[in-house]
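K.L.:
Generate a structure from the sequence data that follows.
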Amino acid sequence: MRDAALRLGVDIRFGYRVSDVIQSDNRVTGVVGKSKDKTFAINATRGVLFATGGFTHNPELMSDHMSAPVRLGGAAKGSRGDFMKIGASLGAKLHNTAAAWLAPIPLEALVRDPQSVTTNIFALRGDSMIMVNKYGHRTVNEKLPYHELGRSMLRWDASKAEHPDLRMYMIFDKSARVHFSDGTSGNPIKPPNEHDPNLVEGETLDELAAAIRRRIEDLGPVAMAGLNIADDFETGIKQTIEEFNKHAATGTDPNFHRGESAIELFRNGPARPGNEKNPALFPFDKTGPYYALILAPGTLDTKGGPAIDSEARVLRAADNKPIPGLFAAGNCAGFPSGQAYWAGGATIGLAVTFGYLAALNVSSNK
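P.N.:
Numbers count the residues shown, from 1 in each chain. You can find the predicted model right below:
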C-alpha cells in the first residue's frame with residue numbers, strides 16, 4: 001500500500017498531530033495542528049478523512065464513556081481520542097462510545113508503565129489452568145473468545161455493589177507451563193526457562209494465594225481498582241481447584257462447559273500427551289510449583305466516536321445530515337456492531353471498507 005501511495009504521488013508525513021479542522025462556508029476544507037514544536041495548516045480541496053484510532057490512551061475519555069472501569073489497553077499510542085473532541089466541536093453525533101474491542105491484559109506491565117503498549121491475551125492456554133476472582137472463585141469459561149472473556153470481567157454484582165471480576169488471577173501448574181508455553185503472541189504462559197516479571201509463584205496453593213495477595217497489594221490502588229482480595233481467598237482457591245480437579249479427571253466441566261466447542265479447542269492448542277478425554281481440561285499437579293498471572297480487562301481499542309453513514313460521511317447531531325467535507329473510518333468512528341465482536345479482523349475490515357468508500361466520495365466531491 002505504501003508503494004502504491006508513493007507511486008500515485010501521495011504525500012506521507014509522520015509526527016503530525018491534528019487538533020482542529022479548517023472550515024469555509026460550513027464545509028471542512030483542511031486541518032491544523034502541531035508537528036514537534038511548530039504549528040501547521042494543510043488545506044484540502046475535496047475533503048478530510050480521519051482514521052486516527054479510538055481513545056484507549058485518553059484517561060478522561062475512558063472514564064467519561066466506558067460503561068465499566070476499563071482503564072488499560074494495548075492500542076497504538078496514537079489512540080488518544082483526538083477525533084472525538086474535534087467531531088464534538090463540530091456538532092457531530094456520537095455513537096457507541098461506551099463500547100470497546102476487549103481482551104484480557106497482563107495487569108502488571110501496564111501498572112509499571114501506564115504509557116506502554118502491551119499485547120492483549122488472545123487465548124488462555126493450558127488444561128490444568130483456571131481463572132479466579134477476588135473470592136478465589138471461577139466465574140467464566142476460560143476458553144471463551146477473547147472479547148467475550150474481556151466482557152465477562154466487567155460483570156456487575158448488584159448485591160455487593162462491585163465488579164468482582166475486574167481483577168482476575170490465572171492459576172496454572174508446572175505441567176501447563178511446560179506443555180502450553182509455545183511462545184506465540186497473545187499466549188501469557190512463558191516457557192520455564194524464560195524470566196517473567198509478571199509471574200507469581202508458590203510451592204503450595206496456600207503459598208501461591210498468599211503471594212498473589214502480597215503482589216496485588218504491593219502494586220497499589222491502581223492495580224487493585226478498589227477490589228481488596230477477600231479474607232477467604234486462600235480457602236476459595238483450594239476449594240475451587242479441588243472441584244475443578246474432580247470434574248477434569250472425567251473430562252467434564254458441568255459449571256462452564258469448557259472444551260465443548262470447536263473454537264475453544266482450537267484456541268487451546270493440541271492436547272498434552274495422555275489427555276484423551278478433553279484437551280482443554282486436566283487435573284492440577286498434586287505438588288507445586290504453582291503459578292499465577294494477574295489479569296485485567298483491556299481494550300484492543302475503543303470503537304465509539306462520531307457517527308458516520310454508509311458512505312463514511314460524519315453526521316451532524318442536530319439534523320442527522322452529513323457535515324460537508326468530513327469523513328471517518330476505523331476506530332475513531334462509531335462502530336455499527338454495538339458491544340459485539342463479529343470476528344477477528346472486524347475492526348480492520350470496516351476501517352479498510354469505509355476508508356475506500358470515503359475515498360470514492362471525496363473523489364466525486366460528495
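K.L.:
and residue 290, bridged to which residues?
P.N.:
On the basis of DSSP bridges, residue 290 is bridged to residue 173, residue 202.
K.L.:
Count the neighbours of it for me.
P.N.:
If you count neighbours by other CB atoms under 10 Å, residue 290 ends up with 27. C-beta: built from backbone N, CA, C; applies to glycine.
K.L.:
so who does the nearest residue to residue 94 once chain neighbours are set aside touch?
P.N.:
Closest residue in space to residue 94, ignoring its immediate chain neighbours: residue 306 at 6.3 Å, by CB to CB, 6 or more residues apart in numbering. Contacts for residue 306 (CB atoms under 8 Å, 6 or more residues apart in numbering) come out as 83-84, 87-88, 92-95, 314-315, 328, 332-334.
K.L.:
Equivalent analysis for residue 24, please.
P.N.:
Neighbours of residue 24 in contact, by CB under 8 Å, 6+ apart: none.
K.L.:
Can you show me the helices along the stretch 1-150 of the chain?
P.N.:
Taking DSSP state H, counting those that start in this stretch to define them, one finds helices in the stretch 1-150 of the chain at 2-7, 59-65, 82-89, 107-112, 146-152.
K.L.:
Need the phi and psi values for residue 230.
P.N.:
The phi/psi pair for residue 230 (degrees, to the nearest 10) reads phi -60, psi 150.
K.L.:
And for residue 168?
P.N.:
Dihedral angles of residue 168 (phi, psi; degrees, to the nearest 10) stand at phi -120, psi 150.
K.L.:
Would you confirm that it contacts residue 153?
P.N.:
Yes - at 6.0 Å, residue 168 and residue 153 qualify as touching, with contact defined as CB atoms under 8 Å.
K.L.:
tell me what the longest helix along the chain is packed against?
P.N.:
Determined from DSSP state H, the single longest helix within the chain is helix 346-363. Of the remaining helices and strands, those touching helix 346-363 by 3 or more CB pairs under 8 Å, 6 or more residues apart in numbering; DSSP states H and E are strand 48-50, strand 322-328.
K.L.:
report the angle between the axes of it and strand 322-328?
P.N.:
Angle, helix 346-363 to strand 322-328, by axes from the mean of the first three to the mean of the last three CA atoms, to 10 degrees: 130 degrees.
K.L.:
Contacts for helix 346-363, please.
P.N.:
Residues outside helix 346-363 that contact it (CB under 8 Å, 6+ apart) are 46-47, 49, 51, 101, 300-301, 303, 308, 310-313, 327-331, 333, 335-337.
K.L.:
The residues you listed, buried ones only, as a ChimeraX selection?
P.N.:
Applying 16 or more other CB atoms under 10 Å to these leaves a buried subset, and the ChimeraX line that selects it is:
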select :47,49,51,101,300,301,303,308,312,313,327,328,329,330,331,333,335
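K.L.:
ok, back up a step: buried residues in the longest helix of the chain?
P.N.:
Result for helix 346-363 [16+ other CB under 10 Å]: buried residues 346, 347, 350, 351, 354, 355, 357, 358, 361, 362.
K.L.:
any idea how far the last one is from residue 84?
P.N.:
Per CB to CB, to the nearest Å, residue 362 is found 22 Å from residue 84.
K.L.:
One more: the third one?
P.N.:
In this structure, residue 350 and residue 84 are 18 Å apart, going by CB to CB.
K.L.:
and residue 164, which of the helices of the stretch 1-150 of the chain is closest to it?
P.N.:
Ranking these by proximity to residue 164 (CB to CB) places helix 146-152 first, at 11.2 Å.
K.L.:
What pLDDT does the model give residue 13?
P.N.:
For residue 13, the pLDDT comes out at 88.
K.L.:
tell me the average confidence for the longest helix of the chain?
P.N.:
92.
K.L.:
Could you list the alpha-carbon positions for that helix in CSV?
P.N.:
Output in CSV follows, covering the C-alpha atoms of helix 346-363 (Å, rounded to 0.1, in the frame of the first residue of the first chain):
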residue,chain,number,x,y,z
ALA,A,346,-13.6,-7.0,12.1
THR,A,347,-12.1,-3.7,13.1
ILE,A,348,-9.6,-3.8,10.2
GLY,A,349,-12.2,-4.8,7.7
LEU,A,350,-14.5,-1.9,8.4
ALA,A,351,-11.6,0.5,8.5
VAL,A,352,-10.5,-0.6,5.0
THR,A,353,-14.1,-0.6,3.7
PHE,A,354,-15.1,2.8,4.9
GLY,A,355,-11.7,4.3,4.1
TYR,A,356,-12.3,3.1,0.5
LEU,A,357,-15.9,4.4,0.5
ALA,A,358,-14.7,7.8,1.8
ALA,A,359,-12.0,8.0,-0.9
LEU,A,360,-14.7,7.3,-3.6
ASN,A,361,-16.9,10.0,-2.2
VAL,A,362,-14.1,12.6,-1.8
SER,A,363,-13.0,11.9,-5.4
